[in-house]
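Trainee: Just need the structure, nothing else, for what follows:
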Amino acid sequence: MMFRLTAALRRGKTVSAHGRAALLALIGLFVADAALADMRTAVVPKRIIYPGEEIQAGQLEEVEVTNPNLVKGYAENINAVSGLISKRTLLPGRVILTSALREPFAVSRGTTVQLVFDNGSLVLRASGTPLQDAAVGELIKVRNKDSGVIVSGTVMGDGTVHVVAK
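Mentor: Now for the predicted structure:
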């Protein structure tokens, strides 16, 4: 129907009032969709958040981005940021860059963790001490408490470290 209306307008033919109303409604929908597509939101803190502090949803608010030149890489919704740890000071009213956030540590340096070596039917377990803090999925070095040997392994979600074979 829209193509007939626009073709009629190009040829200079008159369009009925019903046709004009339909055309204006369609144009209004396209303009509204374009405006909604351009509307972006950013997450900003309500108060100062210091490095190492866990970010809570109550500390944040979503605001409309009015600067069209704002570089990508900022948090766009609160759920994506809540529960993460700040790597640097976040100021109120300033966008939160995703590069300023990290996952919480699953293991801490100096604590005791379970080392697991799994090679099919052979599964070995031992106690170890991480030599650094690490989040889930990171490769770290751990000292075996029994032998003193330093091994490398990946931190798992349950707090264990899966040792990699050499």
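Trainee: just the helices in the protein please.
Mentor: 2-10, 17-38, 78-81 (DSSP state H).
Trainee: The nearest residue to residue 157 once chain neighbours are set aside and residue 107: what is the separation?
Mentor: Excluding the flanking residues, the one nearest residue 157 by Cβ to Cβ, 6 or more residues apart in numbering is residue 136, at 5.1 Å. All C-beta spots, glycine's among them, are computed from the backbone N, C-alpha and C. Distance of residue 136 to residue 107, given as Cβ to Cβ, to the nearest Å: 9 Å.
Trainee: try residue 81
Mentor: For residue 81, the distance to residue 107 - Cβ to Cβ - is 23 Å.
Trainee: likewise residue 57?
Mentor: Using Cβ to Cβ, residue 57 is found at 26 Å from residue 107.
Trainee: tell me the centre residue of the chain?
Mentor: residue 80 (4.5 Å; Cα atoms, centre = their mean).
Trainee: need the contact list for that residue.
Mentor: Contacts for residue 80 were tallied using Cβ atoms under 8 Å, 6 or more residues apart in numbering; they are residue 43.
Trainee: Ok, the one 5 residues further on next?
Mentor: Residues counted as contacts of residue 85 (Cβ under 8 Å, 6+ apart) are 52-55, 101-105.
Trainee: List buried residues within those.
Mentor: Taking 16 or more other Cβ atoms under 10 Å as the criterion, what is buried in the contacts of residue 85 is 55, 101, 105.
Trainee: thought the second one was touching residue 88?
Mentor: Yep, that's residue 101 we're talking about. No. Using Cβ atoms under 8 Å, residue 101 makes no contact with residue 88, being 9.3 Å away.
Trainee: and residue 153, what does it touch?
Mentor: 115-116, 139-140, 142, 161-164.
Trainee: which of those sit farthest apart?
Mentor: Using Cβ to Cβ, the pair of these lying farthest apart is 116 and 139, separated by 14.5 Å.
Trainee: Give me the more crowded residue out of those two.
Mentor: residue 116 (17 against 11; other Cβ atoms under 10 Å).
Trainee: The more buried one and residue 52, how far apart?
Mentor: 29 Å.
Trainee: before we move on, what about residue 83?
Mentor: 14 Å.
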